[in-house]
Each structure stands twice: as C-alpha cells, then as structure tokens.
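Asks: Give the three-dimensional model of this entry:
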Amino acid sequence: MRQTLDSVVSQSILPDKWIIVDDGSSDKTPSIIAEYVKKHDWIKVITNQDRGKRAVGPGVIEAFYKGYDTVNASDYDYICKLDMDLILPPDYFKALMDEMVKNPRLGCFSGKPYYIADGKQISEKCGDEMCVGASKFYRRQCFEEIGGFVREVMWDAIDCHRCRFQGWIAKSSDDENIRFIHLRPMGSSQQGILTGRMRHGYGQYYMGSSLLYFLATAVYRMIRPPYIIGGFAMAWGYIKSFISGAPQQSDEKLINFIKKYQRRVLRVGKKQAIAEINQAKYKFWLKTHDND
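Replies: Residues are numbered from 1 along each chain as shown. A predicted model of the protein is given here:
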C-alpha cells in the first residue's frame with residue numbers, strides 16, 4: 001500500500017482530491033493512511049465497518065461509491081477508480097489526460113498492468129479494447145452517461161461495452177510511460193488464482209457473453225499461468241453458472257450488442273471488430289455531443 005501511496009503523491013500532476021476508502025481493514029492500514037492524510041490535504045479517508053469477509057466485485061464497487069458519493073462529481077473533469085496495490089509511473093495521470101484532450105471521444109483509458117516474477121515484468125495480457133479495472137480513468141461526462149459501474153462481478157468489462165454502446169471509446173495502451181505494476185496478479189486476491197478464474201467465468205456468464213466466444217477465450221488463457229488448469233477453471237465457472245441458471249444482467253440491448261461484437265471477433269479478430277464499432281458509432285456520438 002505504501003508503494004501505491006508514494007507513486008500517487010509523486011505524480012507530475014496530482015489529483016485535486018483523492019478519497020481512500022478503508023473497507024474495514026484490521027491491519028496497519030488506518031495508521032499508514034493517516035500518515036499521508038496528515039502530509040497531503042487533498043487526501044481524505046473514509047472508514048467502513050468490517051463486513052467480515054471479502055466481497056470481490058460488488059464489494060469493490062460498493063467501496064468506490066462510498067467515496068464517490070461524498071463529492072460533487074460535476075466539480076471534476078476526470079474520475080479515477082484506483083486499487084491500492086499498484087505502482088504508477090510518475091507521469092501516469094498526465095499522460096492519460098493528454099491523450100483524452102487529443103481525442104474527445106476517449107471516455108475511459110488506462111495503461112497496461114504488469115506483475116513481477118523472478119525479477120522480470122510479466123504482462124497480464126489485458127486487451128486493448130478494455131480499460132483495466134485496477135485503474136479506471138474516466139472522463140466524467142462519459143462515466144455519467146453510461147450510468148457508472150454495476151455492483152457485480154465483471155463490472156470492469158460491462159462498463160467498457162457500455163462506453164462503446166454510447167459511442168465513446170474505451171481502451172488501454174502498452175506505452176511505456178503508462179505501464180504500471182500490479183503487486184498481486186489479476187484474479188489472485190481471494191482464495192487463490194483458480195477461484196479467481198472461476199469467478200471470471202461466472203462474470204462472463206453474468207455479462208451475457210456467448211458460450212462459443214467464452215470457450216475460445218478460456219482456451220487462450222490456457223497458455224497463461226496457471227497453465228491449462230486456469231482456462232479449465234474459467235470454463236467451469238461459466239458452465240456451472242449456465243447449468244444452475246444463475247442470474248444475468250437485465251439490459252437485453254447491451255447483451256445483444258456484446259454478443260454481436262463477440263461473434264464478429266471470432267470472424268475478424270478484436271482489433272477489426274472494435275474498429276468497426278467505433279466507426280459505426282461515430283455519427284451517433286457526434287449527434288449526441290454536438291454542443292460539447
């Protein structure tokens with residue numbers, strides 16, 4: 001956590017306000033945060049009671065909104081949901097804002113996450129079409145138009161699809177000046193990485209992903225650690241949810257949009273499918289933002 005705190009307070013452009021939500025920590029978190037609050041008046045802390053368990057997905061977003069609901073969002077041009085297990089490069093926020101200034105359609109943007117293994121930086125292989133959940137940097141107007149985050153697993157993919165559905169662009173970039181270090185590999189923060197992979201499978205089912213597309217992504221994940229079994233865990237999470245009749249998101253238009261995109265990906269690849277969506281939605285975005 002100190003590494004995250006230090007990397008934020010060392011940014012070339014500092015946040016106007018940083019609200020840290022202590023979601024019931026039982027370790028030294030409160031005293032560490034207090035050190036930084038004392039030194040930096042733009043850092044505020046909100047402390048929640050310990051719910052007695054981790055709540056990945058819904059709990060993350062509930063914590064986010066505990067902070068978000070304390071500010072007048074219209075006072076800010078940009079909003080960032082930031083995890084406390086990252087090391088950001090010093091020009092991170094500046095580079096994201098510079099890119100958004102260049103492209104008014106860019107609604108959600110992030111760098112790519114890497115983790116350290118055997119002294120080497122290993123990419124987490126996040127797709128270019130997704131703004132990474134650990135660091136969701138939003139143009140406020142876009143965030144409001146998509147209705148914010150859903151309180152469910154896969155919130156960090158649903159929001160990107162909502163962006164494109166509304167004509168905005170969501171993406172991440174592997175430029176060296178915005179790569180960041182993830183101090184825990186993605187999906188490993190609760191009960192181990194295999195549980196995380198199964199949770200991802202459920203999340204894809206909840207989002208409305210087609211079975212054929214998701215099985216293809218599970219096969220791809222077999223070549224990433226944990227090899228083979230990680231992909232099987234993802235597939236089982238999806239299939240188990242399907243068999244049990246688990247609930248899915250209720251936005252049928254968005255589900256149809258996602259499935260149409262995924263079918264196109266299987267034919268032409270992600271890069272081409274995203275380019276087609278962004279081109280097709282350009283006139284819609286111009287029409288709805290012609291007075292901006």
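Asks: other SSEs contacting the helix or strand hosting Y202?
Replies: Following DSSP states H and E, one finds Y202 within helix 193-207. Where contact means 3 or more CB pairs under 8 Å, 6 or more residues apart in numbering; DSSP states H and E, helix 193-207 is packed against helix 155-165, helix 211-221, helix 229-244. Any C-beta I mention is one placed from the backbone N, CA and C, and that applies to glycine too.
Asks: relative orientation of it and helix 229-244 in degrees?
Replies: Using axes from the mean of the first three to the mean of the last three CA atoms, to 10 degrees, the inter-axis angle of helix 193-207 relative to helix 229-244 is 40 degrees.
Asks: With respect to burial, which of the helices and strands packed on helix 193-207 scores highest?
Replies: Among the helices and strands packed on helix 193-207, helix 155-165 has the highest mean neighbour count (mean count of other CB atoms under 10 Å), at a mean of 23.
Asks: list the helices and strands that one packs on?
Replies: strand 106-111, strand 169-173, helix 193-207, helix 252-268, helix 270-280.
Asks: and with 6 Å instead?
Replies: helix 252-268 (3 or more CB pairs under 6 Å, 6 or more residues apart in numbering; DSSP states H and E).
Asks: For stretch 166-180, buried residues please.
Replies: Residues 166-173, 178-180 are the ones in stretch 166-180 that count as buried (16 or more other CB atoms under 10 Å).
Asks: Now render the residues you listed as a markdown table, adding distance to Y206.
Replies: Output for these, formatted as a markdown table (distance: CB to CB, whole Å):
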| residue | distance to Y206 |
| --- | --- |
| Q166 | 20 |
| G167 | 24 |
| W168 | 22 |
| I169 | 24 |
| A170 | 19 |
| K171 | 23 |
| S172 | 22 |
| S173 | 27 |
| I178 | 29 |
| R179 | 30 |
| F180 | 27 |
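Asks: Out of these, the closest to E252 would be?
Replies: Using CB to CB, Q166 is the member of the buried residues of stretch 166-180 that sits closest to E252, with 16.2 Å.
Asks: related to what we said a few turns ago, how far away from the center of its chain is the helix holding Y202?
Replies: Mean-position distance between helix 193-207 and its chain equals 15 Å (CA atoms, centre = their mean, to the nearest Å).
Asks: returning to that earlier point: and the buried residues of stretch 166-180, which is closest to G111?
Replies: The closest of these to G111 turns out to be I178 (CB to CB; 3.2 Å).
Asks: what about N72, neighbour count?
Replies: 6 (other CB atoms under 10 Å).
Asks: that older thread, which residues sit against the helix holding Y202?
Replies: Residues from elsewhere that reach helix 193-207 (CB atoms under 6 Å, 6 or more residues apart in numbering): 152-154, 158, 187-188, 214, 230, 233-234, 237-238, 241-242, 248.
Asks: shaky segments in the stretch 151-292 of the chain?
Replies: 185-191, 291-292 (pLDDT under 70).
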